[in-house]
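>>> could you look at this predicted model? Sequence included:
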Amino acid sequence: MGLLTNLRDSISRVTDGLFAADEPKRIGIYGPPNAGKTTLANRIARDWTGDAVGPESHIPHETRRARRKEGVEIERNGRTVTIDIVDTPGVTTKVDYKEFLDHDMEKDDAVRRSREATEGVAEAMHWLREDVDGVIYVLDSTTDPFTQVNTMLIGIIESQDLPALILANKTDLPGSDVQQIANAFPQHETIPLSALEGDNMDEVYTKIAEYFG
């Protein structure tokens, strides 16, 4: 009986691994607010499914709850990867309702939005620690990447041993400096792109297939 039990358990582990390998990888799109995460999520989803993930806005913290687009199948150079895109809220150390007042928002709405954004940060951190198989980390290439949030998040990603692809977004804007992002995180490959314009998405898709396939 012991031999049969061990054999049955071994077969079960093998078949469980095979089925798990066929499941879509949950890929979290992370980064600070207004880095272009939802723009990228929508670009990927539209290119491969025809659908969008969520609304885009220049106002910080437009995404205040994680949004998921399932079963996005990407084919590159003979390699196919199926992923579930998880568009997460922008992570920051503090959400101040006053920053929303600069966008002609009433105080009550600004306070509500800041509270929802704070809850969204907590949700994003939960996804990172518990529920993603890999990370696409999006940074605005026109801003300084040497921040407490970026350092903390990259550190958590590395401690979780998650495959991570760093994207230097907004290369279409004046002042874009991809090299400063590459210098900030030299242990990771940095890919330039403009999610808004679709510039260099071919390389992005090739890297997604390579990193998460």
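Sure thing, it's come through.

>>> for the residue nearest the centre of the chain, which residues make a bridge with it?
What sits nearest the mean C-alpha location of the chain, by CA atoms, centre = their mean, is residue 29, with 0.7 Å. Taking DSSP bridges, one finds residue 87, residue 136 as the beta-bridge partners of residue 29.

>>> quick one: low-confidence ranges for this protein?
Filtered on pLDDT under 70, the chain yields the residue ranges 1-22, 54-65, 93-101, 103, 110, 113-114, 117-118, 120-122.

>>> need the helices for it, in chain order.
The residue ranges that make up the helices of the chain, judged by DSSP state H, are 2-22, 37-49, 98-101, 107-130, 148-159, 178-184, 201-212.

>>> can you pull the contacts of residue 137?
Shown in contact with residue 137 (CB atoms under 8 Å, 6 or more residues apart in numbering): 30, 31, 153, 154, 157, 164, 165, 166, 167. From N, CA and C alone the C-beta is placed, and that goes for glycine too.

>>> got it, and residue 36?
Remark: with contacts taken as CB under 8 Å, 6+ apart, residue 36 is in contact with 138, 140, 169, 170, 195, 196.

>>> if you set the cut-off to 10 Å instead, what comes out?
Taking CB atoms under 10 Å, 6 or more residues apart in numbering, we find residue 36 in contact with 29, 42-43, 56, 138-141, 167, 169-170, 193-196.

>>> which one (most neighbours) among those residues?
Within the contacts of residue 36, neighbour counts (other CB atoms under 10 Å) peak at residue 167, which reaches 29 neighbours.

>>> that one contacts residue 195, correct?
Yes. Residue 167 lies in contact with residue 195 (CB atoms under 10 Å); the separation is 7.9 Å.

>>> what do these two both touch?
Counting by CB under 10 Å, 6+ apart, the shared contacts of residue 167 and residue 195 are 35, 36, 37, 40, 138, 204.

>>> including distance to residue 49, could the contacts of residue 137 go into TSV?
Formatted as TSV, the contacts of residue 137 follow (distance: CB to CB, whole Å):
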residue	distance to residue 49
30	21
31	22
153	27
154	29
157	26
164	24
165	20
166	24
167	20
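
>>> just the buried ones out of those, please.
Neighbour counting over those (16 or more other CB atoms under 10 Å) leaves 30, 31, 153, 154, 157, 164, 165, 166, 167 as the buried ones.
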